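everything below, folded, please.
(one chain, ligands or ions: 3)
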Amino acid sequence: MNKTVNFVDLRDAENIPAHLLDRTEADLGPYLERVKPIIEAVRTEGDAALRRFAQAYDGVTIPDMSIRATEEEFETAFREMDPELIRSIEYAIGNIRKFHEAQKPEDSWMIEVQPGVWAGDRNVAIESVACYVPRGKGAFPSVVNMTAIPGMVAGVPRLVIITPPAPDGRVDAGTLVAARLIGVTEVYKCGGAQGVAAVAYGTETVPACMKIVGPGSPYVVAAKKLLSHVIDPGVPAGPSEAIILADDSVDPELAALDLIIESEHGPDSSAWLVTDSPRVARGVQAALPGHWQQMDAKRAEFSSTVLCGAYGGIVLTRDFDTAVEFTNAYAPEHLEILTCDPMADLGRIRNAGEVLLGNHTPVSLGNYVIGPNAVLPTNRAARTHSPLSVHDYMKRMSFARVSARGYREMAAHTHRFASYEGFSGHARAVSSARPLAKGQ
Ligand SMILES: NC(=O)c1ccc[n+]([C@@H]2O[C@H](COP(=O)([O-])OP(=O)(O)OC[C@H]3O[C@@H](n4cnc5c(N)ncnc54)[C@H](O)[C@@H]3O)[C@@H](O)[C@H]2O)c1
Ligand SMILES: N[C@H](CO)Cc1c[nH]c[nH+]1
Ligand SMILES: [Zn+2]
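Ligands and ions are numbered 1, 2, ... in the order given. Model prediction:
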């Protein structure tokens, strides 16, 4: 594999070239056009369209494929699954559930704003949520865990999974095992834009849901964007991306291993080593080919395409402050900090989905077993969005109650506002025209 790792030397640069902050997701144009007819076909033809697209895009050869995973499929998945892997899925579920239970807000709270005036919030689970579990460039029982567990913790009454079928018309076994262990009973075989459309509009088999969560390819991201007026698209989680932020204290072999992690997701991923150490930069550049030779050929190809392409590689900065500045501007989905004092450097990070600290916390652990969610904002969305959490499966409603005592004071202030803004109805509702009992 004689590709050249993308090496960007910014030591003499006045500022960060804007194109370095781009991702493949930045240009959804072609995907938006591509998914429009798919969405319309699912809206008008329902299950028949899902079966047609499963054949066209997922290579399914079973024309009468059952769109909902059957009990027999769940049982077969358990029977065929390596017991050690089942134990690992259970281990991960335990940690992820513990983390998200700690996140869960109380059912409600209330304060007395003024004497005789009470107000508060109630936290209520969303009635129906669809969890998108990708299946194109990999199988993701880990994404089942990351999307279904917070939904169960939140108490969502109807939590379903949609995921692309394999050519034999079945759902990935790990996905079914994780779903059953978590308690999700509805798994539907539809992925890509057609899956998003199915839970947006509903079909004969797939229920319409109020929200969709979970990561996906640009086809999924484009469909969510086009259907955002029909179904809440949730956290913008697109192709995986990472920054490894390193100083001169790190072993380049370790930094190279961790730089590869997210780059292997697909050619549409992004991954950068950002360092002020020429030794580490050159050491990582030299180490990568050896790691690729030890990898699965498809994943090595994905990784080298990313790290030798426009959306990944090595950035060398004149000092560590500039490396931190690049990281905050980039707003990575995953950030690893490999420095002599990562906890101190954590305080300097403003924009990142998750931050993993030190040599013993590679992104792989965060992806699967630590507990925090691995469905994270991509394409710089980390500047304003948070990791998927229990809060994404709930919403708040505020409430208030004003006693007669509180009303007398509030009515006068309210009347002045309404009169100034020209709302006579607002004003009359708090005037002497209000038929309150005498003395109230
Ligand atoms: N941000 C996160 O938290 C997170 C987590 C896990 C994975 N990911 C990312 O999610 C993405 C998953 O993408 P994926 O491709 O593996 O799976 P996917 O399920 O998102 O996409 C595959 C689906 O796309 C559809 N499709 C394929 N070719 C098509 C075409 N030409 N036209 C229309 N539709 C087509 C098919 O229906 C297929 O099932 C990856 O980029 C991965 O990096 C992100
Ligand atoms: N890194 C992905 C989020 O970008 C999560 C994941 C799942 N499986 C492997 N990786
Ligand atoms: Zn990953």
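
name the residues of the stretch 51-200 of the chain found near ligand 1, please.
57-58, 134-138, 140, 143, 164, 191-193 (CB under 6 Å from any ligand atom). Bear in mind the C-beta positions are built from the backbone N, C-alpha and C, glycine included.

can you get me a residue count around the closest residue to ligand 1 within the stretch 1-150 of the chain?
Across the stretch 1-150 of the chain, the shortest distance to ligand 1 (CB to the nearest ligand atom) belongs to Gly136, at 2.6 Å. Neighbour count of Gly136, defined by other CB atoms under 10 Å: 16.

mind listing what it touches?
164, 191-192, 217 (CB atoms under 8 Å, 6 or more residues apart in numbering).

and this structure, what are its domains?
Domain assignment for the chain by automatic domain parsing gives 29-235, 238-386, 403-429.

can you list these in CSV and add mean pLDDT?
Shown next, in CSV, are those (pLDDT from 0 to 100):
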stretch, mean pLDDT
domain 29-235, 96
domain 238-386, 97
domain 403-429, 96
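
can you tell me which residues in the protein are near ligand 2?
Counting by CB under 6 Å from any ligand atom, the chain sits next to ligand 2 at 140, 142-143, 240, 262, 333, 367, 374.

let's verify Phe400: helix, strand, or coil?
Slight slip there: residue 400 is Ala, not Phe. strand (DSSP: H, G, I helix; E, B strand; the rest coil).

quick one: secondary structure of the residue lying closest to it once chain neighbours are set aside?
Leaving aside its sequence neighbours, Ala400 sits nearest to Ala119 (CB to CB, 6 or more residues apart in numbering; 4.0 Å). At Ala119 the chain is in strand, as set by three-state DSSP.

can you check the one 10 residues further on too?
Per three-state DSSP, the secondary structure class of Val129 is strand.

ok, now how distant is the residue of the stretch 1-150 of the chain closest to ligand 1 from ligand 2?
13 Å (CB to the nearest ligand atom, to the nearest Å).

quick check: which element contains that residue?
Counting by DSSP states H and E, no helix or strand carries Gly136.

select, out of the domains of the chain, the one closest to Lys395.
Judged by CB to CB, the one of these that comes nearest to Lys395 is domain 29-235, at 6.0 Å.

longest helix of the protein?
helix 83-103 (DSSP state H).

so which bits of it are buried?
86, 89, 92-93, 95-97, 99-100, 103 (16 or more other CB atoms under 10 Å).

following element in sequence after that helix, please.
strand 108-114.

can you show me the CA trace of that next one as CSV?
Written as CSV, here are the backbone C-alpha positions of strand 108-114 (Å, rounded to 0.1, in the frame of the first residue of the first chain):
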residue,chain,number,x,y,z
SER,A,108,-40.5,17.2,38.1
TRP,A,109,-39.4,20.1,40.2
MET,A,110,-41.2,23.2,41.4
ILE,A,111,-40.3,26.6,43.1
GLU,A,112,-42.3,29.4,44.6
VAL,A,113,-41.4,32.3,42.3
GLN,A,114,-43.2,34.9,44.4
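
what's next to it, contact-wise?
Contacts for strand 108-114 (CB under 8 Å, 6+ apart): 118-123, 399-400, 406, 409-410.

restricted to buried residues, select those residues in PyMOL.
Selection of buried members from these for PyMOL, criterion 16+ other CB under 10 Å:
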select buried, resi 120+121+122+123+406+410
